[in-house]
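Undergrad: after the sequence you'll find the predicted model.
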Amino acid sequence: MREYVVAILGATGAVGHRLLNELEHSQIPVKKIKLLASQRSAGQKLKFHQQEITVEEAQPDSFTGVDLVLSSAGGTVSQQLLPEAVKRGAVCVDNTSAFRMQEGVPLVIPGVNDQELSQHRGIIANPNCSTIQMVAALYPIYQRWGIDQIIVSTYQAVSGAGQAAWDELLSETQARLNEQPAKAQILPTASDSKHYPLAFNLLPQIDVFEDDGYTHEEWKMIHETKKILFNDQNSDRIKVTATCVRVPVEVGHGETVYFVLKDKSATASAIQGEVAKTPGLVLQDDPQKQLYPQPLLAAGKKATFVGRVRADQENPGAFHMWVVADNLLRGAASNTVEIAECLVRDDLVRVIK
């Protein structure tokens, strides 16, 4: 059996730690692991199979002899280093937005469209965390009845904005409880001129605004969904729109998903049945027992949780559901490692010209 030299780029970050843990419990036979991060993080030690590994500064030559790269170090770093890794013969699974919409780069959710991996040219993109859980939950429904339209509203945890934003939420919360002022410096997005507190608040802005009034996060959900389902980010075969909101939750994105089916014969109970039998999905849907997905209960779990499935009373063939998943695990590390497992399974850990 072939064994692989695997590098984790961004190993010291929140997703990087989870990548390391997921890899340790994966089906990938690891011959050697390299942990790569920024200069300031170099020298830290992390454990893999009880062995202490020293984190190295990521440089182009760091990828010499590496077969597989799992990356979550930010878009700029990915743009700079992953092409260098490919030049040196590595196949890269990237967890940033750097390559998602690039022509020839597969955007993959295993179990949905992993057949696209055979077309890779060295880089595979992991979709946005909010897109992953929505499409994973909808896919078995789409396969059976077809979907004409999706309208999604998200309730996204602060950890999706990075560790600094997470820390800021906690400090704002403590300050508010102590009746002290707290100055926001990061959210909604660090690059914007204005910043607002998230503690005891909701922010209807994730990422920057586009010219049409949608945020880039909303743009990603719309166009990533189309690329995943039809390999065309501008496909007119499905209508998708999104409103994305940052909420004061640490880990776990929630989404209200409204969808209109092509086949009007579907019922809520039939949809629940499709969800319940789909690997990776967990149905939590019993209103009489107040059973429904919650971020607190989803944190630390790899599944996507679905509940509140119900028919729209005004529009035949339309339904609502509530979808929750751990954005750092299901929406990032787990999907990335599952892509890598598919590459190993299908003997695709090689640069395809």
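TA: Received it, and whenever you're ready, just let me know what you need. Numbering: from 1, shown residues only.

Undergrad: roughly how far apart are the closest residue to residue 199 other than its chain neighbours and residue 272?
TA: Sequence neighbours aside, residue 172 is the residue nearest to residue 199 in space, at 3.7 Å (criterion: Cβ to Cβ, 6 or more residues apart in numbering). Quick note: C-beta positions are derived from backbone N, CA and C, even for glycine. Note on residue 172: its distance to residue 272, by Cβ to Cβ, to the nearest Å, is 39 Å.

Undergrad: buried set for the host helix or strand of residue 173?
TA: In the assignment (DSSP states H and E), residue 173 maps to helix 163-177. For helix 163-177, a neighbour-count test (16 or more other Cβ atoms under 10 Å) marks 165-166, 168-169, 172-173 as buried.

Undergrad: equivalent analysis for stretch 111-124, please.
TA: For stretch 111-124, burial by neighbour count (16+ other Cβ under 10 Å) applies to 111-114, 116-117, 120, 122-124.

Undergrad: one more: stretch 43-61?
TA: Within stretch 43-61, judged by 16+ other Cβ under 10 Å, the buried ones are 46, 48, 53, 55-56, 58.

Undergrad: over to stretch 101-111?
TA: 105-111.

Undergrad: do the same with stretch 30-39
TA: Of the residues in stretch 30-39, those buried by neighbour count under the rule 16+ other Cβ under 10 Å are 30, 33-37.

Undergrad: and stretch 251-271, by the same measure?
TA: Under the neighbour-count criterion of 16+ other Cβ under 10 Å, stretch 251-271 has 251-255, 257-261, 266, 271 buried.

Undergrad: next, count neighbours for the residue nearest to residue 37 when sequence neighbours are not counted.
TA: Leaving aside its chain neighbours, residue 37 sits nearest to residue 12 (4.6 Å; criterion: Cβ to Cβ, 6+ apart). Neighbourhood size, residue 12 [other Cβ atoms under 10 Å]: 19.

Undergrad: so which pair among the buried residues of stretch 43-61 is furthest apart in space?
TA: In these, the most distant members under the criterion Cβ to Cβ are 48 and 58, with 17.1 Å between them.

Undergrad: now do the biggest helix by length in the chain: distance to the chain's middle.
TA: What stands out as the longest helix in the chain, according to DSSP state H, is helix 129-145. Mean C-alpha position of helix 129-145 versus that of the full chain (Cα atoms, centre = their mean, to the nearest Å) differs by 13 Å.

Undergrad: secondary structure element for residue 112?
TA: Element membership for residue 112, per DSSP H and E: none, as it lies in no helix or strand.

Undergrad: on that earlier part again, surely the residue nearest to residue 199 is in contact with residue 184?
TA: Yes. Between residue 172 and residue 184 there is a contact at 6.9 Å, judged by Cβ atoms under 8 Å.

Undergrad: overlap of the contact sets of the two?
TA: Counting by Cβ atoms under 8 Å, 6 or more residues apart in numbering, the common neighbours of residue 172 and residue 184 are 197-198.

Undergrad: hmm, back to that, make JSON lines out of the buried residues of stretch 111-124 and add pLDDT and distance to residue 292.
TA: Output for the buried residues of stretch 111-124, formatted as JSON lines (pLDDT from 0 to 100; distance: Cβ to Cβ, whole Å):
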{"residue": "111", "pLDDT": "97", "distance to residue 292": "23"}
{"residue": "112", "pLDDT": "98", "distance to residue 292": "24"}
{"residue": "113", "pLDDT": "98", "distance to residue 292": "28"}
{"residue": "114", "pLDDT": "96", "distance to residue 292": "30"}
{"residue": "116", "pLDDT": "97", "distance to residue 292": "33"}
{"residue": "117", "pLDDT": "97", "distance to residue 292": "34"}
{"residue": "120", "pLDDT": "96", "distance to residue 292": "38"}
{"residue": "122", "pLDDT": "97", "distance to residue 292": "42"}
{"residue": "123", "pLDDT": "98", "distance to residue 292": "38"}
{"residue": "124", "pLDDT": "98", "distance to residue 292": "33"}
